[in-house]
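Got a predicted model here, sequence first, then my questions.
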Amino acid sequence: MNPPKARLLLSLRPEHAEAIFAGTKTVEFRRVRPRVSEGDWVLVYVTSPRKALVGAFEVAEVVTDHPASLWRRFAQCGGITQERFDEYYAGATVAYGILVRRVMRLPEALPLQLLRRRLPGFHPPQIYRYLKEAEIALVGAGAFG
């Protein structure tokens, strides 16, 4: 039996999440490499003012590079300005890009209040966190892979 796919819950600003689901942002830049690989699903929680789990994307690849090189490779599909990118990676010598293979929206977003009813004590991650299989089932996100 294959081990379950890693399930990452990622907090994104509304504009970044919408760009991913619209297909205009196909790489998610990160300073810390999450433990995901090709074929894993990343659940997308949209931060304030929406505050809801809205869907997921499948990881095509995780790219590791120097920030300047990562920018040159993915500037056109990163969904941010170079100024914002440079601020984010200030002082970093390594940068990561999670490449998006495909996206899936939930039929209905799961608002924070509902997530907390299903998972008592649930707090959206500041950046990201890993979900246990039982948590995935409780939020109804088992359709993602």
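Looks like it arrived, so ask away.

What about Ile127, how many residues nearby?
Using other CB atoms under 10 Å, Ile127 has 11 neighbouring residues. Every C-beta, even on glycine, is put in place using the N, C-alpha and C of the backbone.

Touching, it and Glu28? I think so.
No - applying CB atoms under 8 Å, one finds Ile127 not in contact with Glu28, separated by 11.3 Å.

tell me, what's touching those two both at once?
Shared contacts of Ile127 and Glu28 (CB atoms under 8 Å, 6 or more residues apart in numbering): Leu10.

where along this protein do the strands fall?
For the chain, the strands defined by DSSP state E occupy 7-12, 27-30, 41-46, 52-65, 95-111, 128-130.

Pull the fifth one out as PDB, backbone CA atoms only.
The C-alpha trace of strand 95-111 is given here as PDB (Å, rounded to 0.1, in the frame of the first residue of the first chain):
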ATOM      1  CA  ALA A  95      14.200  30.200  -2.700                       C
ATOM      2  CA  TYR A  96      11.500  27.700  -3.400                       C
ATOM      3  CA  GLY A  97       8.800  27.600  -6.000                       C
ATOM      4  CA  ILE A  98       5.900  25.200  -5.800                       C
ATOM      5  CA  LEU A  99       4.700  24.700  -9.400                       C
ATOM      6  CA  VAL A 100       1.000  24.200  -9.900                       C
ATOM      7  CA  ARG A 101      -0.100  21.300 -12.100                       C
ATOM      8  CA  ARG A 102      -3.900  21.700 -11.800                       C
ATOM      9  CA  VAL A 103      -6.500  23.300  -9.600                       C
ATOM     10  CA  MET A 104      -9.800  22.300  -8.100                       C
ATOM     11  CA  ARG A 105     -12.200  24.600  -6.300                       C
ATOM     12  CA  LEU A 106     -14.500  23.200  -3.700                       C
ATOM     13  CA  PRO A 107     -18.200  23.300  -4.800                       C
ATOM     14  CA  GLU A 108     -18.700  25.600  -1.800                       C
ATOM     15  CA  ALA A 109     -16.000  27.300   0.200                       C
ATOM     16  CA  LEU A 110     -15.800  26.100   3.800                       C
ATOM     17  CA  PRO A 111     -15.800  29.300   6.000                       C
END
